[in-house]
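Student: based on what follows, work out the 3D shape:
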Amino acid sequence: MTPHERLVTRDGVMLPLGAKSFDTLIALMSRPNEVVSKWDLMGLVWPGMAVEESNLRFHIAALRKALGDGKDGARYITTLSGRGYCFVAPISQAGGQAEPRTASRVELPPVKLPNRLQRMVGRSDAIATVSDKLITSRFVTIVGPGGVGKTAAAVNLAYLASQSGLRTLLWDLDPQGAASWYLQAKEGEGGEKSLWKAGADLESAIQSTAYDKLNLVPADLHARHVDVWLRKDEGNGVLLEKLKTVSRRYDLAILDCPPSLSHLADNVFIAAELVLVPTVPTHLSLRALKTVIDYFAGLGYPRNTLKPFWSLADRRRLLHRMLIEQPPKLIKDVCKTVIPYASAIERMGEHRAPVEVFESYGYAAEAYRELWKEVNALLKKF
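Tutor: Take a look at the predicted model:
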């Protein structure tokens with residue numbers, strides 16, 4: 001392959017590849033032995049465009065035919081059901097100035113496909129984390145079980161909100177601190193019970209981030225005791241009172257807290273104007289959503305403040321497609337935007353940054369931008 005000439009040859013004979021097939025090959029070879037999701041591929045090959053999956057399948061098939069994939073045992077591109085595509089053939093790189101026969105070649109060691117699970121960089125933190133989205137005066141919360149993309153959604157929505165001009169504060173209440181880690185914060189200190197007293201000052205705990213108009217109260221291991229403190233104080237309005245102390249300084253506050261229906265969650269729900277619930281298109285996630293809805297109803301929280309959205313969705317899976325295209329009555333008010341199961345979201349842990357920062361052209365970044373537009377429109381109704 002000669003990328004700058006957009007040329008692929010075998011034994012001196014040019015292979016018949018169209019422009020998009022070549023772009024697809026470049027995208028796959030740029031991540032050798034790594035599974036690239038179909039959403040990421042479509043974002044790389046057709047940036048800024050909405051295309052059908054059939055287009056990608058057509059060019060993958062054309063690539064396999066041109067490369068002779070499967071002939072005489074040769075393997076170039078493999079499909080991992082529900083995950084994406086992977087370029088598995090060994091790659092050698094030749095020095096630009098050397099003669100072809102004497103070019104220095106560096107063989108990349110082959111990698112067995114099962115080992116590609118190691119590419120889930122930082123995802124263990126996201127699976128263990130919950131993100132609740134709040135706004136002071138305009139309040140949003142994300143709730144639900146761990147591992148459905150709430151921390152990723154909260155961090156990306158917070159970044160997009162700040163870039164839209166809103167003065168945004170992210171408060172990481174989860175002692176495991178995934179949101180703080182994504183934003184490269186210094187570890188929090190303190191943990192005094194007085195921090196949770198109504199009207200207590202947050203100013204001393206606030207840190208700046210690398211992003212304009214986005215500040216952070218980092219995670220603190222002492223926060224694991226917060227539910228005990230709140231239960232003893234017997235107050236469900238403590239959190240709201242805390243947020244009021246910074247309401248003049250910020251337009252938007254985001255709380256990232258553990259995934260439980262607890263005293264801390266009650267504090268969050270009381271203050272919330274809009275509750276975003278990321279839901280994976282599976283029956284188990286729908287059951288978890290029903291639990292939240294029933295909890296809301298039991299305590300008299302208004303149902304119209306709760307807004308689910310599909311998260312970690314893979315339209316290759318029949319169940320995912322069925323639920324997205326024909327959602328049950330439980331989730332008829334689901335957001336139009338679907339957050340995909342994409343490697344770009346997993347790579348937030350590798351880059352320690354919102355998706356928009358390192359891959360703004362991809363499908364995942366576009367999905368978060370659309371979700372922010374929906375959320376912002378909903379907030380204006382309150």
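Student: when you work out contacts or count neighbours from here on, use the C-alpha atoms and nothing else.
Tutor: Noted.
Student: so where's this structure uncertain?
Tutor: 95-148, 187-200, 222-223, 232-235 (pLDDT under 70).
Student: tell me where it has strands.
Tutor: Along the chain, the stretches classed as strands by DSSP state E are 9-10, 13-14, 77-80, 84-87, 140-142, 168-172, 207-208, 214-217, 252-256, 274-279, 306-313, 338-340.
Student: how far does stretch 39-57 stretch from start to finish?
Tutor: Start-to-end span of stretch 39-57 (Cα to Cα, to the nearest Å) is 12 Å.
Student: contacts for that stretch?
Tutor: Stretch 39-57 is contacted from outside by 20, 23-24, 27-28, 38, 340, 342-344, 361-364, using Cα atoms under 8 Å, 6 or more residues apart in numbering.
Student: buried sites along that stretch?
Tutor: 39, 40, 41, 42, 43, 44, 45, 46, 47, 56 (16 or more other Cα atoms under 10 Å).
Student: go on, stretch 207-220?
Tutor: 207, 213, 214, 215, 216, 217, 218, 219, 220.
Student: farthest pair in those residues?
Tutor: Spanning the widest gap among the buried residues of stretch 207-220 are 213 and 220, at 22.2 Å by Cα to Cα.
Student: now distance to residue 292 too, for the buried residues of stretch 207-220, in TSV please.
Tutor: Shown next, in TSV, are the buried residues of stretch 207-220 (distance: Cα to Cα, whole Å):
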residue	distance to residue 292
207	32
213	32
214	29
215	29
216	27
217	27
218	27
219	25
220	26
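Student: just give me the closest of the buried residues of stretch 39-57 to residue 285.
Tutor: When the buried residues of stretch 39-57 are compared against residue 285 (criterion: Cα to Cα), the nearest one is residue 39, at 22.2 Å.
Student: mind listing the helices for the stretch 151-300 of the chain?
Tutor: 178-182, 226-233, 238-244, 263-271, 283-299 (DSSP state H, counting those that start in this stretch).
Student: could you dump those to TSV with distance to residue 156 and mean neighbour count?
Tutor: What follows is the helices of the stretch 151-300 of the chain, written out as TSV (distance: least, Cα to Cα, whole Å; neighbours: other Cα atoms under 10 Å):
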stretch	distance to residue 156	mean neighbour count
helix 178-182	10	26
helix 226-233	26	15
helix 238-244	21	21
helix 263-271	20	21
helix 283-299	22	14
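Student: CSV for these, including distance to residue 13?
Tutor: As requested, the helices of the stretch 151-300 of the chain are exported to CSV (distance: least, Cα to Cα, whole Å):
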stretch, distance to residue 13
helix 178-182, 47
helix 226-233, 68
helix 238-244, 67
helix 263-271, 65
helix 283-299, 52
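Student: out of those helices, nearest to residue 375?
Tutor: Nearest to residue 375, of all those, is helix 263-271, at 16.8 Å by Cα to Cα.
Student: and the angle for the closest one with strand 252-256?
Tutor: For helix 263-271 against strand 252-256, the angle by axes from the mean of the first three to the mean of the last three Cα atoms, to 10 degrees is 160 degrees.
Student: quick one, helix 263-271 and helix 226-233 angle?
Tutor: Using the same axes, to 10 degrees: helix 263-271 against helix 226-233 is 70 degrees.
Student: per-domain residue ranges of the protein.
Tutor: 3-118, 123-379 (automatic domain parsing).
Student: most packed of the ones you listed?
Tutor: Neighbour counts (mean count of other Cα atoms under 10 Å) averaged over each of these peak at domain 123-379, with a mean of 20.
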